[in-house]
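J.: okay, here's the prediction I keep looking at, along with the sequence it came from:
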Amino acid sequence: MARILVATEKPFAAIAVKGIREVVEQAGDELILLEKYTEKSQLLDAVKDVDAVIIRSDKVDAEVLDAAKQLKIVVRAGAGYDNVDLDAATAHGVCVMNTPGQNSNAVAELAFGMMVMAVRNFYNGTSGSELKGKKLGIHAFGNVGRNVARIAKGFGMEIYAYDAFCPKEAMEKEGVIAVDSAEALYETCNIVSLHIPATAETKNSIGAALVGKMPKGGLLVNTARKEVINEPELIRLMEERPDLKYVTDIMPVANEEFAAKFAGRYFSTPKKMGAQTAEANINAGIAAAKQIEGFLKEGCEKFRVNK
């Protein structure tokens, strides 16, 4: 019997935990819950004798892996996995997976909620504009990007996309105009929605050189990662260009400066909310449990993200 730990500082919804428990117990394994923990020491103690861990935004670093002597697999319930030290996991012989696609619609819907709010001047009572007919640029055409494109069609937008790793044909098949470079995307589109991961190549990559190419009245929407934004450059650019707006689901390090300088042109959610829906919560949690059981019982590594 395997012991599977759900370690969530921000807990899953009760119905998601119920679904996870059903998957685990039907497979003959034991589920252990560590919810709303406040100290890393609690996590270090909880992982000592478990075979698998399901996490959300919780950090799994070398210290956690050192403490988890029996650990075989960690599944991040969600798409991003930069909260897991992949090299350390590989060194410890631990498989790391994510659950791609489970939160995608939730994130895409939030992106549009933020777009509507921004083009309507944050509902301040003044006359705004509509999304219909606007040119939307999707920066990275993964699971979330595809959902953004799907929703944008309903708004009657003209949809463009750039993704260095996605074939043009795949984007065009979705009714999207594929462009050859990020520069072309930004200089073409009224609104750009970011969906790139935080990697060595993308960190601080969204700054004045790209955003500065946007047409007058440009709107940048970030539901990806805060690390991809070059905050000092974006602040300087927004000072120089009072027509630009920035809305984000990941509070910047310089949130107070953005808020003070760009009232009516800037908004950040208080915490990352893209996946904060009941449906996404349930989908990601149950998918994580199923992937763990598939790995433990059958050796399935379909969504493995480390070497």
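T.: Arrived safely.
J.: closest to the centroid, which residue in the chain?
T.: Ala224 (4.8 Å; Cα atoms, centre = their mean).
J.: return the backbone torsion pair for that one.
T.: phi -100, psi -90 (degrees, to the nearest 10).
J.: test my guess that it contacts Val192.
T.: No. Contact status for Ala224 versus Val192: not in contact, 11.2 Å apart, counting by Cβ atoms under 8 Å. Glycine gets a C-beta too; all of them are placed from N, C-alpha and C.
J.: returning to that earlier point: quick one: contacts for the closest residue to the residue nearest to the centre of the chain other than its chain neighbours?
T.: Distance criterion Cβ to Cβ, 6 or more residues apart in numbering; nearest residue to Ala224, sequence neighbours excluded, is Leu194 at 4.5 Å. By Cβ atoms under 8 Å, 6 or more residues apart in numbering, the residues touching Leu194 are His139, Ala140, Ile206, Leu220, Val221, Asn222, Thr223, Ala224, Val228.
J.: let's see 7 Å
T.: His139, Ile206, Val221, Asn222, Thr223, Ala224, Val228 (Cβ atoms under 7 Å, 6 or more residues apart in numbering).
J.: what separates it from Gly137, distance-wise?
T.: 9 Å (Cβ to Cβ, to the nearest Å).
J.: and for Ala164?
T.: Ala164 is 14 Å from Gly137, by Cβ to Cβ.
J.: which one of the two is surrounded by more residues?
T.: Shown here are Ala164 and Gly137; by other Cβ atoms under 10 Å, Gly137 has more neighbours (27 against 10).
J.: the more buried one pairs with what?
T.: Tyr160, Val192 (DSSP bridges).
J.: wait, what's in contact with it?
T.: Tyr160, Leu185, Tyr186, Thr188, Cys189, Ile191, Val192, Ser193.
J.: distance-wise, check the residue nearest to Ala224 relative to Asn230.
T.: Distance of Leu194 to Asn230, computed by Cβ to Cβ: 12 Å.
J.: what sits in contact with each of these two?
T.: Shared contacts of Leu194 and Asn230, counting by Cβ under 7 Å, 6+ apart, come down to Ile206.
J.: nearest residue to Glu25 in space, please, no chain neighbours.
T.: Leu31 (6.6 Å).
J.: compute the number of surrounding residues for the one you found.
T.: 18.
J.: that one is in contact with Glu22, isn't it?
T.: No. Counting by Cβ atoms under 7 Å, Leu31 stays clear of Glu22, with 9.4 Å between them.
J.: in the stretch 151-300 of the chain, what residue spans correspond to helices?
T.: 168-173, 182-188, 208-211, 231-240, 255-261, 278-298 (DSSP state H, counting those that start in this stretch).
J.: quick one, which of the ones you listed is nearest to Ala27?
T.: Among these, the nearest to Ala27 by Cβ to Cβ is helix 278-298 (4.5 Å).
J.: quick one: mean pLDDT for that closest one?
T.: Helix 278-298 comes out with an average pLDDT of 96.
J.: got the buried residues for it?
T.: 280-296 (16 or more other Cβ atoms under 10 Å).
J.: about what we covered before: list the contacts of the helix or strand harbouring the residue nearest to Glu25.
T.: Take DSSP states H and E as the rule and Leu31 turns out to sit in strand 30-35. Applying Cβ under 7 Å, 6+ apart, the contact partners of strand 30-35 are 1, 3-8, 11, 17, 20-21, 24-25, 42-43, 46, 50.
J.: all set now, cheers.
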